[in-house]
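# What shape does this take:
(one chain, ligands or ions: 1)
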Amino acid sequence: MDRLTSASLDWQRLIKKGLLWVFDYDGTLVPIIRNPYKSQMRPRFFRFMQKFVRKYPAAVLSGRELKNIASRVKGLSFRYVVGNHGSEWKTKKMRAGRFARATERARKIWEQIPHTQGIELENKKLSLTIHYRNCADPSLILRKLPSLFSDGYRLVGGKKCLNILPADAPSKGDAVRRMRKLSGLSRVIYFGDDETDEDVFGLESWLIGVRIGPIKRSQARYTLQNSIELEKLLRAVVSKDC
Ligand SMILES: [Mg+2]
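This next block holds a predicted model:
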């Protein structure tokens, strides 16, 4: 992976030909903090992004429930705001019903497991997230989960969490493919920091993948250290494009 800088790509040409900017939220637009319910964009970055998303077509794609992510990016006029790792769109209520039923079944399976101190279930209606950042030893429960959810579910690791998704629910990769189709733009640049973002980085050659964080292995072509570097890059690109 190469460090992405304002000199890595011909930004003006990419923008002129049609570039959709897609951002993950946690670990990308905001740093990962101990309590995910409190995470917010830095005010200066937020004000910059207000201008950025007015000028360039952009979207946010998060593992959070749609209403949760929508409230966090309120005031930013993203073209698409998509939650639940790609399965929760404002306009796709019908198909989501099937995933909601599968998630409810998963929740019932989870309820039968004896409670472990420090482990927290987040029910996002179309997927579940098991948070274990406050658990001293989550290894026992993490070993149990693959067999409990082997039938009809996909387990995807995250930062001190594990996501349980209906196996046939759209992935982040499917969501980005759909955004590209809806927007009619030729190229997509995607910024993400987590395992679920690898579904996007593995897409076709029209995708420019940027993995955020100190990681050695990824399908992404480029890397950035953190959301501060991301802000610096976006500012540099904007100043080049003026
Ligand atoms: Mg993330």
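
# Run the chain-centre distance for stretch 143-155.
The chain centroid and the centroid of stretch 143-155 are separated by 22 Å under Cα atoms, centre = their mean, to the nearest Å.

# Show the end-to-end separation of that stretch, please.
12 Å (Cα to Cα, to the nearest Å).

# Just the buried positions in stretch 233-242, please.
Leu233, Leu234, Val237, Val238 (16 or more other Cβ atoms under 10 Å). Glycine gets a C-beta too; all of them are placed from N, C-alpha and C.

# Up against the ion, what does this protein have?
Asp24, Asp26, Gly27, Asp193, Asp194 (Cβ under 5 Å from the ion).

# tell me the average confidence for stretch 214-229?
For stretch 214-229, the mean per-residue pLDDT is 93.

# Confirm for me that Ser6 is in contact with Val238.
No. At 9.6 Å, Ser6 and Val238 do not qualify as touching, with contact defined as Cβ atoms under 8 Å.

# circling back: from the residues of the chain next to the ion, which is closest to Ile113?
Of all these, Asp194 has the smallest distance to Ile113: 24.2 Å, by Cβ to Cβ.

# Gln12 versus that closest one, what's the distance?
According to Cβ to Cβ, to the nearest Å, Asp194 and Gln12 sit 30 Å apart.

# Give me the more crowded residue out of those two.
Asp194 (24 against 11; other Cβ atoms under 10 Å).

# where does the nearest residue to that one once chain neighbours are set aside fall, phi/psi-wise?
Counting by Cβ to Cβ, 6 or more residues apart in numbering, Asp194 lies nearest to Gly158, which is 5.2 Å off, once chain neighbours are set aside. Reported as degrees, to the nearest 10, the phi and psi values for Gly158 are phi -140, psi -170.

# burial measure for Gly158, as a count.
Around Gly158 there are 20 residues (other Cβ under 10 Å).

# And the pLDDT at it?
87.

# Surely it and Thr196 touch.
Yes. Here Gly158 reaches Thr196: they are 6.5 Å apart, a contact under Cβ under 8 Å.

# tell me, what's touching the two both at once?
Gly63 (Cβ atoms under 8 Å, 6 or more residues apart in numbering).

# for Val82, helix, strand, or coil?
Three-state call for Val82 (DSSP: H, G, I helix; E, B strand; the rest coil): strand.
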